[in-house]
Structures are given as C-alpha cells and as structure tokens.
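K.L.:
need coordinates for the following:
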Amino acid sequence: MSYRHGLAAIAAIALLGVFGAPAAYAETGAPSFAVQNTANSHTRMGYNAYARGDYAKAAVYSTKGTAKSFKKSRRSIAYANLCASLGQQNTLDAALEACDAAIELSPANWRALNNRGVVKYLAGDKISAAADFANAATAPKAELAQANADLLAGIKLANVE
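P.N.:
Coordinates of the predicted model:
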C-alpha cells in the first residue's frame, strides 16, 4: 500500500470509524459500516440517529427514506443506511436485504457495497466480504471501503492514538 493510501485509510478510519462500528467490533478490528446524509429529511434524521448510536431509531427513519416517492439515488442511500443500522443490531438477514435493495437501485453506491461486505463479514463469509470491499474501493472517495479491504487482506496500518 502506498503512503498516500495509508494516510487516506487512517483518515477515513479516524473520521468515519466513529460512525462505523460499535465498540465490540472496533476493538476486534472488524470492518466498519459507512452511512451517508442527504437532503431527504427521513434519511437525515436516520443519519443523525446512527451517529448518536441509536441504531433502532436510525432503522425506522431510514425505512421511511426508502419510500417509492423519492428519487432512486436517495432511496439507495436510505437502503444503504438501513443496512448499516440493521447490521449494527445484528439482524444480518434483514441488513443484507436492505443492502441488496440499495445496490439494485444504484449499482455504483459504494457505501451499499461496503455495508454488504460488513454484513457478510459479520455472518462469517470473509471471501464474499472481501469481494464487496474490493468493488466498493474502486469508487472515488471510498477510502473507508479500501481500509476495510486492506483489513481483510491483513494489511496492517500504523497505530495512531
């Protein structure tokens, strides 16, 4: 890994890791979820609830953000956030369905691919998880997905405290 990618991964972990994994996962070095905010009020409220660690409320708001009356791109974001919220609650089957719905609406949604990778990792399917992280990491500004791919590949980053 290049120096630049290493710094980007560390920055992504520092900035997004707070919203990524609960303490139990963070301590074990598990991959992190990625959530996104939008102009849609339900998605925004879900994002804020997720950031506070209220994953049940985040799931409720994200579900409202998946309504068919919204644009496909915003629904995809809401589904990806729903996937992360459900994954944090260890409801992995429902989380996987939400991620798949997000990817169906927007195959380029790297957060949905990343989150599906985290769900697969938590379910014990590290090979499929690594494939999702690798696909997500090809998108611009997907440093978190690259950090997750590196984590599964066994690449160690400098310990920053």
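K.L.:
wait, residue 43 touches residue 62, no?
P.N.:
Yes: counting by CB atoms under 8 Å, residue 62 is a contact partner of residue 43 at 6.6 Å. For every residue, glycine as well, the C-beta is placed using N, CA and C.
K.L.:
touching both of the two, which residues are there?
P.N.:
78, 81 (CB atoms under 8 Å, 6 or more residues apart in numbering).
K.L.:
in this protein, which ranges drop under the pLDDT threshold?
P.N.:
Filtered on pLDDT under 70, the chain yields the residue ranges 1-28, 155-161.
K.L.:
show me where it has helices.
P.N.:
Applying DSSP state H to the chain gives helices spanning 3-20, 23-28, 41-52, 55-64, 72-88, 92-105, 110-122, 126-137, 143-153.
K.L.:
next, format those helices as JSON lines and append mean neighbour count and distance to residue 34.
P.N.:
JSON lines is the format used below for the helices of the chain (neighbours: other CB atoms under 10 Å; distance: least, CB to CB, whole Å):
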{"stretch": "helix 3-20", "mean neighbour count": "16", "distance to residue 34": "6"}
{"stretch": "helix 23-28", "mean neighbour count": "11", "distance to residue 34": "14"}
{"stretch": "helix 41-52", "mean neighbour count": "19", "distance to residue 34": "11"}
{"stretch": "helix 55-64", "mean neighbour count": "21", "distance to residue 34": "13"}
{"stretch": "helix 72-88", "mean neighbour count": "27", "distance to residue 34": "7"}
{"stretch": "helix 92-105", "mean neighbour count": "20", "distance to residue 34": "11"}
{"stretch": "helix 110-122", "mean neighbour count": "28", "distance to residue 34": "4"}
{"stretch": "helix 126-137", "mean neighbour count": "20", "distance to residue 34": "8"}
{"stretch": "helix 143-153", "mean neighbour count": "23", "distance to residue 34": "5"}
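K.L.:
as JSON lines, those helices with distance to residue 35 would be great.
P.N.:
Listed next are the helices of the chain as JSON lines, based on distance: least, CB to CB, whole Å:
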{"stretch": "helix 3-20", "distance to residue 35": "6"}
{"stretch": "helix 23-28", "distance to residue 35": "15"}
{"stretch": "helix 41-52", "distance to residue 35": "5"}
{"stretch": "helix 55-64", "distance to residue 35": "8"}
{"stretch": "helix 72-88", "distance to residue 35": "5"}
{"stretch": "helix 92-105", "distance to residue 35": "12"}
{"stretch": "helix 110-122", "distance to residue 35": "7"}
{"stretch": "helix 126-137", "distance to residue 35": "14"}
{"stretch": "helix 143-153", "distance to residue 35": "10"}
